[in-house]
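Asker: here is my input, please return the structure:
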Amino acid sequence: MKITVVGTGYVGLVSGACFADVGIEVVCVDIDQKKIDKLKEGIMPIYEPGLEEIVIRNYKSGRLQFSTNLGEAIQESEVVFIAVGTPPGEDGSADLKYVLAVADEIGQHMSDYLVVATKSTVPVTTGKKVEAAIKAALDKRGEDLPFAVASNPEFLKEGAAVEDFLKPDRIIIGVEDERAEKIMRRLYKPFQLSGERIIFMDIPSAEMTKYAANAMLATKISFMNDIANLCEKVGANANMVRKGIGTDPRIGNKFIYPGIGYGGSCFPKDVKAIIRTARQYGYELKVLQAVEDVNDAQKHVLFEKVKAHYNGDLKGKTFAIWGLSFKPNTDDMREAPALVIIEELLAAGAKVKAYDPIAMEEAKSHHLGDKIAYANDAYDACVDADALLLLTEWSEFRLPSWKAIAKLLTDKVVFDGRNIYDKKYLAEMGYTHYGIGN
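Answerer: Have a look, this model is predicted:
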């Protein structure tokens, strides 16, 4: 079986590599020639655990190929996945220009029946727009070739995407064509060997499922952060509250950890997009608007704690930052709370020395440049710093040597933005510890 995946970003590259790993012939297409050349050399455009190994292995085997020629790639393909970006517009709506441009090009070059499946996160009714774009391109050619549109949203967690794809908890496929359903079922059969995981539905429902899933997870995060802020005011401990409610199976213990807000490429963009979609239909998603408002405010909470500790005077202070990416096991800094906090520190006249196991090159190249100093390791970041701010809960930050850090910091103050440290233990070590909700 041969398929084409258009887009070699986070979703496209992981999807293409994992399909190839189960024996499918895959061509990953991108308009960026430099990116394609680097992929052929085994150089990844993103950091994702396990991805480099699986890409190199399947490229060497010939099952995974890289190209800039979509017209050539789709010949003899049974399925074409659209996995290009859908960046948010100024009003929060998803920009579909890249998706529809790919659909148009497919219509220009297809020569036989195709299933065109969107993997990009797209608003409801996008399937109809993709279908119209392909049909318009075929009409220009004077062709009447059969094709089907499908929605196959991804549910990959950054930092565990390869494992999620190879061992999915569910596969959502929106399709309204019997032939296309059979092809998609055959394509995903290798991922069904330990049990049926495919849920077939209509295309609009599949498109909505992706947004609803991310919106629900974002809601849990903002809800817990809101509760954590109240806990501080009434003298409760948010970590204890989290444990208390997390044992209820109707709630569960995932996505209820207090912190400095969610970031990344999905939750912020998708919450904005679904709110915008609702408004287009004359409906206000008040709960999700509150989710977004709480998250935006939460990114400022740790800075306010820093400012309060120093009575509003941060000028000339130096702060060690542990963690830049929005979550561990990724170099993704899109909408990362660290960016907000660092900019606030700099605006207040402070200096920043940061360390992240993976994301420092991303920070230098695309986000912070030379506005901050970059440390060689976690301990180097603490040298002569006035305080330590933990912003991303990488594993290597979980159990540091507090005795060694005490000798490096000018004052033993820790601002724990992810609540991973024991407040009582740090107090016994002579530290002042600030967490979220405790």
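
Asker: the residue most distant from the middle of this protein, which is it?
Answerer: Farthest-out residue of the chain from its mean C-alpha position, per CA atoms, centre = their mean: Gly142, at 41.1 Å.

Asker: three-state assignment of Gly107?
Answerer: helix (DSSP: H, G, I helix; E, B strand; the rest coil).

Asker: typo on my end, Gln65
Answerer: Gln65 is classified as strand under three-state DSSP.

Asker: ok, it - contacts?
Answerer: By CB atoms under 8 Å, 6 or more residues apart in numbering, the residues touching Gln65 are 26-28, 59. For glycine as for every other residue, the C-beta is placed from the backbone atoms N, C-alpha and C.

Asker: looking at those residues, which has the most residues close by?
Answerer: When neighbours are counted by other CB atoms under 10 Å, Cys28 leads these with 29 neighbours.

Asker: wait, that one touches Asn69, no?
Answerer: No. The pair Cys28 / Asn69 is not scored as a contact, 11.7 Å apart, by CB atoms under 8 Å.

Asker: the chain: strands as residue ranges?
Answerer: With strands called from DSSP state E, the chain shows them at 2-6, 25-29, 64-67, 79-82, 114-118, 147-151, 171-175, 198-201, 318-322, 351-355, 373-374, 387-390, 413-416, 432-434.

Asker: as a markdown table, the ones you listed with distance to Lys407 would be great.
Answerer: Formatted as a markdown table, the strands of the chain follow (distance: least, CB to CB, whole Å):
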| stretch | distance to Lys407 |
| --- | --- |
| strand 2-6 | 51 |
| strand 25-29 | 50 |
| strand 64-67 | 50 |
| strand 79-82 | 53 |
| strand 114-118 | 55 |
| strand 147-151 | 56 |
| strand 171-175 | 52 |
| strand 198-201 | 56 |
| strand 318-322 | 13 |
| strand 351-355 | 16 |
| strand 373-374 | 20 |
| strand 387-390 | 13 |
| strand 413-416 | 14 |
| strand 432-434 | 17 |
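
Asker: Throw those strands into TSV and include distance to Val14 and mean pLDDT, thanks.
Answerer: Shown next, in TSV, are these (distance: least, CB to CB, whole Å; pLDDT from 0 to 100):
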stretch	distance to Val14	mean pLDDT
strand 2-6	10	98
strand 25-29	10	98
strand 64-67	12	97
strand 79-82	11	98
strand 114-118	15	98
strand 147-151	18	98
strand 171-175	14	97
strand 198-201	19	96
strand 318-322	27	98
strand 351-355	27	98
strand 373-374	28	98
strand 387-390	28	98
strand 413-416	32	98
strand 432-434	37	97
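
Asker: Val287 is nearest to which of those strands?
Answerer: strand 171-175 (22.6 Å; CB to CB).

Asker: dump that closest one to CSV, keeping only the CA atoms.
Answerer: Once non-C-alpha atoms are left out, strand 171-175 reads as follows in CSV (Å, rounded to 0.1, in the frame of the first residue of the first chain):
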residue,chain,number,x,y,z
ILE,A,171,-8.4,6.2,15.9
ILE,A,172,-11.1,8.6,14.8
ILE,A,173,-12.1,8.5,11.1
GLY,A,174,-14.7,10.7,9.6
VAL,A,175,-15.8,9.3,6.3
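
Asker: residues in contact with it?
Answerer: For strand 171-175, using CB under 8 Å, 6+ apart, the contacting residues are 115, 117, 127, 148, 150-153, 155, 181, 184, 188, 191, 197-207, 209-210.

Asker: give me that answer again for 6 Å
Answerer: 150-153, 181, 184, 188, 197-203, 206, 209 (CB atoms under 6 Å, 6 or more residues apart in numbering).
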